[in-house]
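Sequence plus the predicted model coming up.
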Amino acid sequence: MEKLIVSSSPHLHGKTTTASIMRDVLIALSPAAISAVVLFGIKALIIISVCVATSVLSEFIFNIIAKRKQTVGDLSAMVTGLLLALSLSTRVSIWHCVVGSVFAIVVVKCLFGGIGCNFANPAVTARVLLLIAFGKVAGGAATNFMSAELVASATPLAVIKDGEGLLPSLTDMLIGNRGGAIGEVCAIALILGFVYLVVRRVITWETPVVFVATVFVLSLIVKQDLTAALYQVLGGGLLLGAIFMATDYVTTPITRSGKAVFAFGCGIITVLIRFWGDYPEGVSFAILFMNILTPYIERLCRNKPIGGVKNEK
């Protein structure tokens, strides 16, 4: 009895750490990052480098000023910076990257208490800020391999919304030979990242699949055209957002039913903005709005213990 140790839960600890999870996310994002550099050239590499470096440096300096334990080693700042970079186009300038990265880390993450305390996904919030504050700098741009005809109408969703210009083929949509943000254009690279994260059990399939399926089905209902619905799935930042942003541990529900409700809401809002909003893209706005609703979704979808009585408070 002298060796009996009384402590609070949890009593069993797994080997998974924040750093290991973030490392897996970085690995999953690497195909999209590599394809971005291949498709867009040196400008994409600069954007990625600046966003990642600024994000890490911002967290490092904030922790020093606030006299907090240094947390850059958990790699979450690198993930935020890379996600933000991949959601931007080559039309952004260096200072746009710096502003977005500082806002994501300092304002959205650190001022709310750091990782685990932020109310919304930092990369998503920063992208929305850039889109609203600086017009179309967070929109799409043409790749280095697009033909002259397609360059004139670089973003597929803008072509569909305006009804003017030429659309790339579905094959081009898959391999990334289309206009858009540097990390969203190559669907194959993003799907590879999704498979890796599911196999590694970093994420579950519900959120990305329900999100994408909702957009596809609603687009099919609205357009009455299978090809048009496929363009809605492959175009814009749907795959990037559904796989890497809508699956954030902190800002999305923890139960499987909650994840499905969250993803369904994201899909509905995305379609509403794409078809009837001022912006051709709505993924970032949808995720940000549903992030705010996450506490209410978790309350609605919380699990009830066997034999327990539901607490209405």
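Yes, it's here.

if I look at the residue positioned nearest the centre of the chain, how far off is Gly237?
The C-alpha lying nearest the average C-alpha coordinate of the chain belongs to Met245 (C-alpha atoms, centre = their mean; 2.7 Å). Distance, Met245 to Gly237, by C-beta to C-beta, to the nearest Å: 8 Å. C-betas here are computed from N, CA, C, even on glycine.

what is in contact with those two at once?
Common neighbours of Met245 and Gly237, using C-beta atoms under 8 Å, 6 or more residues apart in numbering, are Val283, Ser284.

Surely Gly100 touches Ala126?
Yes: applying C-beta atoms under 8 Å, one finds Gly100 in contact with Ala126, separated by 4.2 Å.

Now do the shared contacts for these two.
Common neighbours of Gly100 and Ala126, using C-beta under 8 Å, 6+ apart, are Leu84.

all helices of the stretch 101-250 of the chain, in order?
122-133, 148-151, 156-162, 170-175, 187-199, 206-223, 226-234, 238-240 (DSSP state H, counting those that start in this stretch).

How far away from the center of its chain is the last one?
This points to helix 238-240. 7 Å (C-alpha atoms, centre = their mean, to the nearest Å).

Could I get the average pLDDT for it?
In this model, helix 238-240 has a mean pLDDT of 95.

Which other helices and strands does it contact?
Counting contacts by 3 or more C-beta pairs under 8 Å, 6 or more residues apart in numbering; DSSP states H and E, helix 238-240 packs against helix 187-199, helix 206-223.

Output those as JSON lines; include the columns mean pLDDT, distance to Gly114 and mean neighbour count.
Shown next, in JSON lines, are these (pLDDT from 0 to 100; distance: least, C-beta to C-beta, whole Å; neighbours: other C-beta atoms under 10 Å):
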{"stretch": "helix 187-199", "mean pLDDT": "96", "distance to Gly114": "23", "mean neighbour count": "19"}
{"stretch": "helix 206-223", "mean pLDDT": "95", "distance to Gly114": "23", "mean neighbour count": "20"}
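
Can you lay out the ones you listed as a markdown table showing distance to Leu83?
Formatted as a markdown table, the helices and strands packed on helix 238-240 follow (distance: least, C-beta to C-beta, whole Å):
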| stretch | distance to Leu83 |
| --- | --- |
| helix 187-199 | 11 |
| helix 206-223 | 15 |
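
residues in contact with the residue nearest to the centre of the chain?
Leu83, Asn121, Ala123, Val124, Val283, Ser284, Ile287 are the contacts of Met245 under C-beta under 8 Å, 6+ apart.

what does Ile94 give?
Residues near Ile94 by C-beta under 8 Å, 6+ apart: Ile46, Val50.

how about low-confidence regions in the chain?
1-14, 136-140, 145, 147-154, 163-165, 304-313 (pLDDT under 70).

mind redoing it with 50?
Along the chain, the model assigns pLDDT under 50 to residues 1.

returning to that earlier point: in TSV, list the contacts of Met245 along with neighbour count and distance to Ser35.
Listed next are these as TSV, based on neighbours: other C-beta atoms under 10 Å; distance: C-beta to C-beta, whole Å:
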residue	neighbour count	distance to Ser35
Leu83	28	15
Asn121	28	22
Ala123	32	18
Val124	29	21
Val283	28	19
Ser284	28	20
Ile287	31	22
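
Closest one of these to His96?
Distance to His96 across the contacts of Met245 (C-beta to C-beta) is lowest for Ala123, with 14.1 Å.

for the nearest residue to that closest one once chain neighbours are set aside, what are its contacts?
Spatial nearest neighbour of Ala123, chain neighbours left out: Leu83 (3.8 Å); criterion: C-beta to C-beta, 6 or more residues apart in numbering. Residues in contact with Leu83 (C-beta under 8 Å, 6+ apart) are Leu29, Ala123, Phe244, Met245.

pretty sure the second one contacts Met78?
No: in this structure, Ala123 is not within contact of Met78 by C-beta under 8 Å, at 11.4 Å.

What residues sit buried inside the helix or strand harbouring Ile46?
Applying DSSP states H and E as the criterion places Ile46 in helix 42-65. Neighbour counts over helix 42-65 (16 or more other C-beta atoms under 10 Å) mark 43-44, 46-48, 50-59, 62-63 as buried.
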